[in-house]
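Student: quick one, structure for this:
(chains A and B)
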Amino acid sequence: MADTHSIIGTKNKKGQTYTDTWKMMNEAPRTPSFYTGSEVIKEAIRRASCDVMIAYPITPQSEAAALIGELFAEGYIGDYFRGESEFAVMSQCAGASFGGARVFTTTAGPGTMRAMENFPMWAGARLPIQMIVTCRGINSPLSIQPDTLEIAYLLNTGMLVWHAETAQDFFDWILKGYIVSEEPDVHLPLALCCDGFFVTHTKDVVNLTPADMCLPPYDPYRSPVPCMDMECPPVRMMRDPFVMKSNYISYATHASWQQEIWAAVERSRKHTIHWLNGLVDTENTDADIVIVASGTAVSQGREAIRMLEDEGVRCGLVKVKALRPWPEEEIREATKNAKHIFVPEFNVTGWLAKEIRATVPNSQRVHAGPHVCGGMTMPPEIIVSEIKTALGMKTFSMAGRGS
Amino acid sequence: MSKERIQISEALYDIMPSDYQDLVKSATYGKEDRGWKDIGTSKELIEQHSLCAGCPESMAFRYILASLPNPEDTVMVGSTGCTSLVFPMVAVHNIHSLFGNQNAIASGLKRALSVRFPGRVKDVVVLAGDGATVDIGLDMTLQAWFRQEKFTTICFDNELYANTGGQESGLMQKGFVAKMAPVGKLFDKVRLPEIARESGCHYVVNCTVSKPSLVEKVIRNAVHVAREIGPTYLQLYTPCILEIGKNSMEGLQEMRDSEKPAERFAYKEYISEPAKQLLAELATKDKERKAAAKQLAGQASA
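Tutor: Just a heads-up that it's a prediction; the model follows:
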């Protein structure tokens, strides 16, 4: 297999040119296109030089997963099949990644939970798999509606976790995500999350890179651990398997392995900042009030800020793009002037607010809310209302919403 | 990978571990007729093991690794259990990821290797215990067969969960009293060989590992059929002498007792029609090759 550099400028079997990723993402012309989020996933993967995609139906990611199948039928992907469950699919993804393939999959809600045992294994085995998570409710009674609770469970797996706000984020981050997670000093899986339906099933104008350009292929020999393809010498990995040993060396080995995973998450920080232009985006952070959010809650926050401005209340915004690595310094810096920090979320527990409380000084400034969950929308009015109530301003009840 | 791939740089030779030096000197990567008879005269692909003294599983491991037809391009997939104590010391790339997902791992792996190395042989062999194969992993075992994934599944059947201390498993005999089966197992030993046949396996064998020559034959057949046609399944009795109350030297007799005609490990095989044809072709080629070699040897001595 040719190395990544010598292959740039050559064509793949579909006639796409392997293009330097920075040029492709930042310099190549963009075409505005009106697509659903699911279609945008397909268009990103068309350009991603993926070797293997494994699919399983679960709302709201089924459409995207099926559209990738069309790409396979067209010859853009090496192999594609439907697995038997999310647990199996994530293991199949692991097998393909162990074998040196660039791997893509998508899941949602209960599927994420069913597959959970695989994620720390992916990170521990240093497999740079990319998984799209189109978040939906996970609890009983059954719900297929948007709800971001599942992200909380991914935060401590050792995976990189990014939270896209829009379909444009999605398109760009799928492609950039591979570059970050395949860096030799990172080499970790990426959970690229979005809010189901709001992003996947709505249409938006997305600026696409040229369809005849694609990412350079994955080079498995840049991995920090050997690729399992018998192309490099097999070595005895250890004199005694550590698994059954209760001794200090065994504990120290496992401890250092875990520390290395999290060190790799940390090392992804510089690459993520480089490719995503920072772990957060900020607006007007000199204001007394700052909204910190991720996913589509950012869009709703932005709208609430516009409404508050009409009433003379100035409000800043922090859009958290990467959850792992966690933008600790950035959030501290962006909220240093804030007297009040509001964290609107599409889940019942407020996991993002907890993370922020643990990050900023004077954490009593953090107002965890508003929260909607179970598929409820988050009208900007309820963010406005939450802020005004906290400030002691008069609010009007919203008819029919029980507030 | 060829044997050349594992050569050591001269400057580093003396600092390489002796077991690696031995691999370079006398392992049987690339040897056409490799088999159980190489044991004792060449470097085995298993360095050591930390299994119990006399464990039949350790014998099975040695026979299998000596018999793989193409170890230089074989990747093995294991699961959690006693086998995972051995795999770190095996000189064939191998994957342990979770408990029970071995056939899912192998499905993804085989497809990735097919995409990355078109036209080249890359064999995938799963080796896991009966808990992994039949209980926690049954779904993925069967689904890989339904999909006709082209790899071999080997189950080391010791009829219980050995590594966790002897609990009931699906392949345990009915009536056996074990941990988690305090009044004896209440249902029959799962008939996985029959299920394998019905699920689309092209080569299925149920036997013990008492005879190394037999293990060699079934391993070679299973790997060749999986490579060319579709899934294959071997269920090998590797009794857990510890948990059935036997001594170290009694494993072999236990297997011999269990493979008698009316016993549960009496030799049974199923071969699909396309697999029969393939094996016949391979046997013919093998015969021709041996005859040619004999002729050549005759000419050389004449």
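Student: return the residues of the stretch 51-200 of chain B in contact with chain A.
Tutor: Counting by CB under 8 Å from any CB of the partner chain, the residues of the stretch 51-200 of chain B close to chain A are B:72-75, B:77, B:84-95, B:97-98, B:101, B:104-117, B:122, B:139-140, B:143, B:147. Where C-beta positions appear, they are placed from N, C-alpha and C, glycine not excepted.
Student: just the ones of these in helices?
Tutor: B:104-116, B:139-140, B:143 (DSSP state H).
Student: out of the residues you listed, which are buried?
Tutor: B:104-116, B:139-140, B:143 (16 or more other CB atoms under 10 Å in any protein chain shown).
Student: looking at those, point me to the pair that's furthest apart.
Tutor: B:116 and B:139 (27.2 Å; CB to CB).
Student: report the longest helix in chain B, please.
Tutor: Max-length helix for chain B by DSSP H is helix B:273-301.
Student: tell me the buried residues in that helix?
Tutor: For helix B:273-301, by 16+ other CB under 10 Å, it's B:275, B:278-279, B:282.
Student: redo those as TSV? Include distance to residue A:327.
Tutor: Output for the buried residues of helix B:273-301, formatted as TSV (distance: CB to CB, whole Å):
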residue	distance to residue A:327
B:275	57
B:278	58
B:279	61
B:282	60
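Student: ok, the residues you listed vs chain A, which is closest?
Tutor: Minimum distance to chain A across these is 22.2 Å, recorded for residue B:282 (CB to the nearest CB).
Student: which non-adjacent residue is nearest that closest one?
Tutor: residue B:224 (6.0 Å; CB to CB, 6 or more residues apart in numbering or on different chains).
Student: can you pull the phi/psi pair for the one you found?
Tutor: Reported as degrees, to the nearest 10, the phi and psi values for residue B:224 are phi -70, psi -40.
Student: again with residue A:275
Tutor: phi -80, psi -40.
Student: what is the burial count for it?
Tutor: 20 (other CB atoms under 10 Å in any protein chain shown).
Student: in the stretch 101-250 of chain A, where is pLDDT below threshold?
Tutor: A:235-245 (pLDDT under 70).
Student: what is the nearest of the ones in helices among the residues of the stretch 51-200 of chain B next to chain A to residue B:234?
Tutor: residue B:106 (14.0 Å).
Student: got a list of what the closest one touches?
Tutor: A:95, B:77, B:124, B:126, B:144, B:149, B:151, B:153 (CB atoms under 8 Å, 6 or more residues apart in numbering or on different chains).
Student: now, which of the residues you listed lie within helices?
Tutor: Reading helices off the contacts of residue B:106 with DSSP H, I get A:95, B:144.
Student: the contacts of residue B:106, buried ones only, as a ChimeraX selection?
Tutor: Remark: buried members of those, expressed as a ChimeraX selection using 16+ other CB under 10 Å:
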select /A:95 /B:77,124,126,144,149,151,153
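Student: let's see which of the contacts of residue B:106 end up in strands.
Tutor: Using DSSP state E, B:77, B:124, B:126, B:153 are the members of the contacts of residue B:106 that sit in strands.
Student: so which of those comes closest to chain A?
Tutor: Closest to chain A, out of all of the ones in strands among the contacts of residue B:106 and judged by CB to the nearest CB, is residue B:77, at 7.3 Å.
Student: touching, the closest one and residue B:98? I think so.
Tutor: No - judged on CB atoms under 8 Å, residue B:77 makes no contact with residue B:98 at a distance of 11.0 Å.
Student: list residues touching both of the two?
Tutor: With CB under 8 Å, 6+ apart, residue B:77 and residue B:98 have no common neighbours.
Student: sec struct for the closest residue to residue B:279 other than its chain neighbours, please.
Tutor: Leaving aside its sequence neighbours, residue B:279 sits nearest to residue B:221 (CB to CB, 6+ apart; 5.9 Å). Secondary structure assignment for residue B:221 (DSSP: H, G, I helix; E, B strand; the rest coil): helix.
Student: thinking again about what came up before, let me know the closest of the contacts of residue B:106 to residue A:43.
Tutor: Looking across the contacts of residue B:106 and measuring by CB to CB, the closest to residue A:43 is residue A:95, at 27.0 Å.
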